[in-house]
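Peer 1: Here is my input, please return the structure:
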Amino acid sequence: MTPAAPTTFPTRFYRDPEWSRGMAAPLKRFVKGPTEPGPAEWDSVSASLMKTDTVGADLAAAIKARTVSMKQFHRALAEGVEALDNAPEPLRHFFTQLENRPDWVDEDLLNRGATVVRQCGRNGIDVITIGLLSGYRASATTDILVRTGGLRGSGTARRIGETASWWFECIQPGGLDRSAAGWQLTAHVRLMHAMVNQHFEAVDDWDEAAWGKPINQADLAGTYHLFCTSFLLMLRLLGMRIGSEDGYAVMHLWRYIGWLTGVDEELLGHDEQHARRKLFHLTLATPAGDHNSPLLADSLIESRKHLNFGAYPQLARRYEYVRFRSLASFYLGLNGMRELGLRPVFPWYPIGRGLRNLLVFSLFRALPGGDRRLTALGERELDGVMREFWGKEKPTLASDRYSGHR
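Peer 2: Purely as a prediction, here's the structure:
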């Protein structure tokens, strides 16, 4: 049954139904019960294309109007808004909203969710990066990604590294405490998204009738699902034994992070099944790729040649490039690779890694103290991954280039 389209919506909405249904078909297998969106759910998806993060937007507008400075923002971020004498109201409102945790947040679930993610080690950042690559098959965000720069050419590895650094800090023990780097980076990311949206809303060639708001709620929600809903499904396909309780903890962790980044609560998943259904609806509404899709995909694949390795760096980069293409071929399949202009290769790496994951997780789960050892193993792998992105350099986040001033 084809859902009825709302009367007013951007033309990207459900623009390519044959393609989007093919894209959503693998996910449908993992959704229990009815999958098709009802009228209210379909209206919610279409409306989300015209919605932004209003809390972030108010602060971005104040920064543009120079009633708040980036210096004030960074001090409030590091020390708390009370550290400022007579803090401007938009700045105070922004931090008050973020610091007021919802009642549903459970500290124990946050901690367990973060531990489960760290246990995944290299597998975790692998499936997130493949998820980014797969997302380029749709044109929902490709224009914005190209215009903002960094995901084309030699800057791609750095931009992926910035995302990995934010993710890495969020999943550290206590990483979402107010004073922790994960919380503070998330608040910074939220403001950057709002400033990017503000910038592109003001340019003459942004076609809102076609694409909706530049940084809209639907696309924010799609990114949120990449880090939890898709993340868990992809890890299990790679041989990782993540039970339902641990899966729920990961979903709870990212429900809170999604809330912190400004995603509307109605778009967040309470559990895996709830989230899969919501992701299915978002995927149905998304448009097929465009001319930017293969450009972004090629840059991401090529970025594996720009990582930092200690011994035999040339050989190591070549191996990483081949390894990642093998992983991409496994998850995207023939059609997905061809859509992005990438040549499929035999998925030798995920076959071997999947067997390794199945053996390691099964063994550690059966041993006394195995959970602790599994966490330590994953953390060592993640430390190595971060060195590959940054070498001896200190990890950074993208600059405040859309603020208009410092």
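Peer 1: Near the residue nearest to residue 122 when sequence neighbours are not counted, how many residues? Count them for me, please.
Peer 2: Of all residues not flanking residue 122 in the chain, residue 381 sits nearest, at 4.5 Å (C-beta to C-beta, 6 or more residues apart in numbering). C-beta coordinates here come from the backbone N, C-alpha and C atoms, glycine included. For residue 381, the neighbour count with other C-beta atoms under 10 Å is 18.
Peer 1: Next up, phi/psi of residue 228, please.
Peer 2: Dihedral pair for residue 228: phi -140, psi -60, per degrees, to the nearest 10.
Peer 1: I'd like to know how many residues surround it.
Peer 2: Residue 228 has 25 nearby residues by other C-beta under 10 Å.
Peer 1: ok now do the nearest residue to it once chain neighbours are set aside, which residues does it touch?
Peer 2: Sequence neighbours aside, residue 254 is the residue nearest to residue 228 in space, at 3.6 Å (criterion: C-beta to C-beta, 6+ apart). Residue 254 sits next to 113, 224, 227-228 when contact means C-beta atoms under 8 Å, 6 or more residues apart in numbering.
Peer 1: and what of residue 130?
Peer 2: Taking C-beta under 8 Å, 6+ apart, we find residue 130 in contact with 234, 327-328, 331-332.
Peer 1: 10 Å instead?
Peer 2: Residue 130 makes contacts with 226, 230, 234, 238, 300, 324, 327-328, 330-332, 350, as judged by C-beta atoms under 10 Å, 6 or more residues apart in numbering.
Peer 1: So it versus residue 122, what's the distance?
Peer 2: For residue 130, the distance to residue 122 equals 12 Å [C-beta to C-beta, to the nearest Å].
Peer 1: and if you look at residue 378?
Peer 2: 8 Å.
Peer 1: And the two? Which one has more around it.
Peer 2: Neighbours per residue, other C-beta under 10 Å: of residue 378 and residue 122, the larger number sits with residue 378, 22 against 15.
Peer 1: from memory that one sits against residue 115, does it?
Peer 2: Yes - taking contacts as C-beta atoms under 10 Å, residue 378 lies within contact range of residue 115: 8.9 Å.
Peer 1: where do the contact lists of the two overlap?
Peer 2: Counting by C-beta under 10 Å, 6+ apart, the residues touching both residue 378 and residue 115 are residue 171.
Peer 1: Low-confidence regions, the chain specifically.
Peer 2: Across the chain, the ranges flagged by pLDDT under 70 are 1-7, 150-154, 398-406.
Peer 1: Report the buried residues of the longest helix along it.
Peer 2: The single longest helix within the chain, with elements called by DSSP state H, is helix 313-339. Neighbour counts over helix 313-339 (16 or more other C-beta atoms under 10 Å) mark 317, 320-321, 323-332, 336-337, 339 as buried.
Peer 1: Please identify which pair of those lies farthest apart.
Peer 2: Maximum pairwise distance among the buried residues of helix 313-339 (C-beta to C-beta): 26.0 Å, between 317 and 339.
Peer 1: residue ranges for the helices of the stretch 201-350 of the chain, please.
Peer 2: All helices of the stretch 201-350 of the chain, identified by DSSP state H, counting those that start in this stretch, fall at 208-211, 217-226, 229-237, 244-260, 272-285, 292-302, 313-339, 348-366.
Peer 1: To residue 147, which of these lies closest?
Peer 2: helix 292-302 (9.5 Å).
Peer 1: who's in contact with that closest one?
Peer 2: With contact meaning C-beta under 10 Å, 6+ apart, helix 292-302 is reached by 129-130, 132-139, 141-147, 150-157, 159-160, 289, 321, 324-325, 328, 332, 336-342.
Peer 1: Run the chain-centre distance for that helix.
Peer 2: Offset of helix 292-302 from its chain centre (C-alpha atoms, centre = their mean, to the nearest Å): 17 Å.
Peer 1: picking that back up, tell me which of the helices of the stretch 201-350 of the chain sits most buried.
Peer 2: Stretch with highest mean neighbour count among the helices of the stretch 201-350 of the chain: helix 217-226 (a mean of 23; mean count of other C-beta atoms under 10 Å).
Peer 1: for it, packing partners?
Peer 2: Counting contacts by 3 or more C-beta pairs under 10 Å, 6 or more residues apart in numbering; DSSP states H and E, helix 217-226 packs against helix 39-48, helix 122-135, helix 181-202, helix 229-237, helix 244-260, helix 272-285.
Peer 1: angle of the last one against helix 39-48?
Peer 2: It stands for helix 272-285. Per axes from the mean of the first three to the mean of the last three C-alpha atoms, to 10 degrees, the angle that helix 272-285 makes with helix 39-48 is 60 degrees.
Peer 1: for the fourth one, same thing?
Peer 2: Computed by the same axes, to 10 degrees, the angle separating helix 229-237 from helix 39-48 equals 110 degrees.
Peer 1: just how off-centre is helix 229-237 within its chain?
Peer 2: Relative to its chain's centre, helix 229-237 lies at 13 Å (C-alpha atoms, centre = their mean).
Peer 1: can you redo the helices of the stretch 201-350 of the chain as JSON lines with distance to residue 201?
Peer 2: Listed next are the helices of the stretch 201-350 of the chain as JSON lines, based on distance: least, C-beta to C-beta, whole Å:
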{"stretch": "helix 208-211", "distance to residue 201": "8"}
{"stretch": "helix 217-226", "distance to residue 201": "14"}
{"stretch": "helix 229-237", "distance to residue 201": "28"}
{"stretch": "helix 244-260", "distance to residue 201": "23"}
{"stretch": "helix 272-285", "distance to residue 201": "21"}
{"stretch": "helix 292-302", "distance to residue 201": "20"}
{"stretch": "helix 313-339", "distance to residue 201": "30"}
{"stretch": "helix 348-366", "distance to residue 201": "41"}
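Peer 1: nearest to residue 44, of those helices?
Peer 2: Distance to residue 44, taken as C-beta to C-beta, is lowest for helix 272-285 among the helices of the stretch 201-350 of the chain, at 8.2 Å.
Peer 1: what's the closest one packed up against?
Peer 2: Other elements packing on helix 272-285 under the criterion 3+ C-beta pairs under 10 Å, 6+ apart are helix 17-28, helix 39-48, helix 217-226, helix 229-237, helix 244-260.
Peer 1: Report the angle between it and helix 217-226.
Peer 2: With the same axes, to 10 degrees applied, the angle from helix 272-285 to helix 217-226 works out at 130 degrees.
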